[in-house]
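A.B. asks: No sequence on hand, only this structure:
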């Protein structure tokens, strides 16, 4: 990559260099919300943290014309002035904007003496917002500690190609809103390490096919390549495909045009190249992945890390750390090729063993949880994909239902990609060839999370979502009977997890007519269920009888809530603290029985 790209500490971004914002760019315009978010990101960062990209055109040895990122750069300049860091007052200048330059020169010092008509109000307001942030923060931010954090916060400074039309490029950036994506920088760095032009194009094709997350990856390859690199039924990589070099003979890649593989190409926004390994007939996008491609890259990286496990912190899956986390993958050609190959291998495993949302038949609008593998099907029209339950051998249907439902429980509980460590465990097992143990791995993970939540000591909104989700999974898996009646049938086909994160009080917190309960009874686990936010809003302060009689679809969201409904009806439509406590004891017994196995 040469000087095309470099990572710079924010604390050193203005050292011995000057930046000029060209006249065709707009004035400084960041408001308090954007400034506060930037400072929040820095203040909450741990270790190395990637703040974004700064795209420049180097006009002289130490003079850079700012093409993209001037709002962030100006804010950092004002921040360093506020922190009284050593800073050349000419480090940042605006072309042909005297007000802006005069204000930058005095901001933080004697700016009150600058005549109002000579001030840039936008820059002054930016500085005052920074000042207000630090003065109003609770707890107070220690300046020295914050300055030390700037040593671990990185910007990637990208040099545009010298032959690029800067005005045209800037117009594209601003009218189309296109920006340099972090995964594009990763791709450019990886492919730059691969020497042979043909292998560069193959690596580019594999990357692009893996990046299309809404289809099974096999269907992103041409039929000819698919037949060569996958097994006869397309379900896995072929036996001899064990590394990147083993893939090379089976690709026929057009050499008429180079793929977009360097940062220069990316910045020029060249159209994506047509390679012979692309599919002739793309599969309909009926599946929705639970991860975006950048998050998938982090999952693969974490799964390949022998030190990564269920106790790893969220930083390893935080897409803000993408460049820092993946930097080791482009040390040389060997590491780059290895990561590209493992990306493909992990993507095949991901499609087969991690659930998706499927939009077909009765679920064309809402989608249903799907855990299926792709296989080849041949008819008179040729080869086509067909989908079967991933686990369907022996009692496979039972196993598939359990794994699919448990994964959906984890998916709706840990909604942020950086908390989806359960996916890392699946990929790690798959890459190690130990995927048959997946149900035990996921159940163990969930049980540990429940046990660590100390649910028996919690109250009300202190209960973690995993306690409700895993309990509903256990009820789904094993069924439940009360008073001699089967309330929940094991592995029922008519129930699935919904996205829900609102704790509902069955007996309301603020009843309109009923006598209020004591806090311990009201906030006990026996009186609580997890439902959707909209469901919680509908229930509001309605009494238990009204809830179950007028909103049956909301009751169906939680198997625990279905049990509470049945207990209410069997008790003469009376929901009492005693009944709630009995329900709590029974649900705790089920949870304790499950978690005590670890």
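C.D. replies: It's in. Keep in mind that what you see is a predicted model, and the values were worked out from it rather than measured.
A.B. asks: Low-confidence stretches in the stretch 451-598 of the chain?
C.D. replies: For the stretch 451-598 of the chain, residues meeting the criterion pLDDT under 70 lie at 597-598.
A.B. asks: if we go to 50?
C.D. replies: 598 (pLDDT under 50).
A.B. asks: Remind me which helix or strand residue 568 belongs to.
C.D. replies: helix 559-570 (DSSP states H and E).
A.B. asks: Strictly from the record, what residue spans define the domains of this structure?
C.D. replies: Following automatic domain parsing, one gets these domains for the chain: 2-175, 182-385, 460-595.
A.B. asks: List the contacts of residue 82.
C.D. replies: By C-beta atoms under 8 Å, 6 or more residues apart in numbering, residue 82 lies in contact with 108, 127, 130-131, 134. All C-beta atoms are positioned from the backbone trio N, CA, C, and that covers glycine.
A.B. asks: which one of those residues has the most neighbours?
C.D. replies: With neighbours taken as other C-beta atoms under 10 Å, the top of the contacts of residue 82 is residue 130, carrying 24 neighbours.
A.B. asks: Now for it: which residues touch it?
C.D. replies: 35, 39, 75, 78-79, 82.
A.B. asks: what element comes up after the helix or strand hosting it heading to the C-terminus?
C.D. replies: In the assignment (DSSP H and E), residue 130 maps to helix 121-136. Counting by DSSP H and E, the next helix or strand C-terminal to helix 121-136 is helix 143-149.
A.B. asks: before we move on, back to that, other SSEs contacting the helix holding residue 568?
C.D. replies: Judged by 3 or more C-beta pairs under 8 Å, 6 or more residues apart in numbering; DSSP states H and E, helix 559-570 is in contact with helix 465-478, strand 480-482, strand 485-488, strand 528-531, helix 544-550, helix 552-555, helix 577-595.
A.B. asks: among these, which is the most enclosed?
C.D. replies: strand 528-531 (a mean of 27; mean count of other C-beta atoms under 10 Å).
A.B. asks: returning to that earlier point: in the contacts of residue 82, which has the lowest confidence score?
C.D. replies: By pLDDT, residue 108 ranks lowest within these, coming in at 78.
A.B. asks: In a helix, that one, correct?
C.D. replies: No - Residue 108 is assigned coil when assessed by DSSP: H, G, I helix; E, B strand; the rest coil, not a helix.
A.B. asks: and it, what does it touch?
C.D. replies: By C-beta under 8 Å, 6+ apart, the neighbours of residue 108 are 78, 81-82, 84, 127.
A.B. asks: Look up how far residue 82 lies from it.
C.D. replies: Distance of residue 108 to residue 82, given as C-beta to C-beta, to the nearest Å: 6 Å.
A.B. asks: And for residue 133?
C.D. replies: Counting by C-beta to C-beta, the gap from residue 133 to residue 82 is 9 Å.
A.B. asks: Identify the residue nearest the most centrally placed residue in the chain in space, chain neighbours excluded?
C.D. replies: Centroid-nearest residue in the chain, with C-alpha atoms, centre = their mean: residue 417, separated by 3.2 Å. Nearest residue to residue 417 in three dimensions, chain neighbours excluded: residue 295, at 4.0 Å (C-beta to C-beta, 6 or more residues apart in numbering).
A.B. asks: what does residue 539 give?
C.D. replies: Residue 539's closest residue in space is residue 547 (C-beta to C-beta, 6+ apart), at 5.3 Å.
A.B. asks: so how many other residues sit close to the nearest residue to residue 482 once chain neighbours are set aside?
C.D. replies: Closest residue in space to residue 482, ignoring its immediate chain neighbours: residue 566 at 6.0 Å, by C-beta to C-beta, 6+ apart. When neighbours are defined as other C-beta under 10 Å, residue 566 has 18 of them.
A.B. asks: these two touch, right, residue 566 and residue 486?
C.D. replies: No - judged on C-beta atoms under 8 Å, residue 566 makes no contact with residue 486 at a distance of 10.2 Å.
A.B. asks: The closest residue to residue 18 other than its chain neighbours and residue 104, how far apart?
C.D. replies: Using C-beta to C-beta, 6+ apart and skipping the chain neighbours, the partner closest in space to residue 18 is residue 63 (5.1 Å). Distance, residue 63 to residue 104, by C-beta to C-beta: 16 Å.
A.B. asks: Same question for residue 397.
C.D. replies: When residue 397 is compared with residue 104 (using C-beta to C-beta), they lie 68 Å apart.
A.B. asks: Could you do residue 68 as well?
C.D. replies: 20 Å.
A.B. asks: do residue 372 as well
C.D. replies: With distances taken as C-beta to C-beta, residue 372 is found 59 Å from residue 104.
A.B. asks: and residue 300, what helix or strand is that in?
C.D. replies: Using DSSP H and E, the element containing residue 300 is helix 293-304.
A.B. asks: cool, and residue 199?
C.D. replies: Taking DSSP H and E as the criterion, residue 199 maps to helix 197-211.
A.B. asks: Where does pLDDT dip in the chain?
C.D. replies: Residues of the chain that meet the criterion pLDDT under 50 lie in 1-2, 176-178, 254-257, 269-282, 598.
A.B. asks: longest single helix anywhere in it?
C.D. replies: Of all the segments assigned as helix in the chain under DSSP state H, the longest by residue count is helix 333-353.
A.B. asks: so after that one, what's the next helix or strand?
C.D. replies: That would be, after helix 333-353 and using DSSP H and E, strand 356-358.
A.B. asks: in its sheet, what does that following strand sit against?
C.D. replies: strand 287-288 (antiparallel), strand 368-370 (antiparallel) (DSSP bridges).
A.B. asks: and for it, what are the contacting residues?
C.D. replies: 286-290, 367-372.
A.B. asks: hmm, 6 Å instead?
C.D. replies: Residues from elsewhere that reach strand 356-358 (C-beta atoms under 6 Å, 6 or more residues apart in numbering): 287-288, 367-368, 370.
A.B. asks: And stretch 403-419, by the same measure?
C.D. replies: Under C-beta under 6 Å, 6+ apart, the answer for stretch 403-419 is 290, 295, 314, 317-318, 355, 369, 371, 420, 422, 439, 442, 465-466, 469, 473, 476, 497, 499.
A.B. asks: what comes up buried for that stretch?
C.D. replies: By 16 or more other C-beta atoms under 10 Å, the buried positions in stretch 403-419 come out as 403-414, 417-418.
A.B. asks: any idea which of these is closest to residue 245?
C.D. replies: Closest approach to residue 245 among the buried residues of stretch 403-419 (C-beta to C-beta): residue 417, at 31.9 Å.
A.B. asks: thinking again about what came up before, angle of the helix holding residue 568 against helix 465-478?
C.D. replies: Put simply, helix 559-570 runs at 70 degrees to helix 465-478, going by axes from the mean of the first three to the mean of the last three C-alpha atoms, to 10 degrees.
A.B. asks: what's helix 559-570 in contact with?
C.D. replies: So helix 559-570 is contacted by 471-472, 475, 483, 487-488, 506, 529, 544, 548, 555, 575, 579 (C-beta under 6 Å, 6+ apart).
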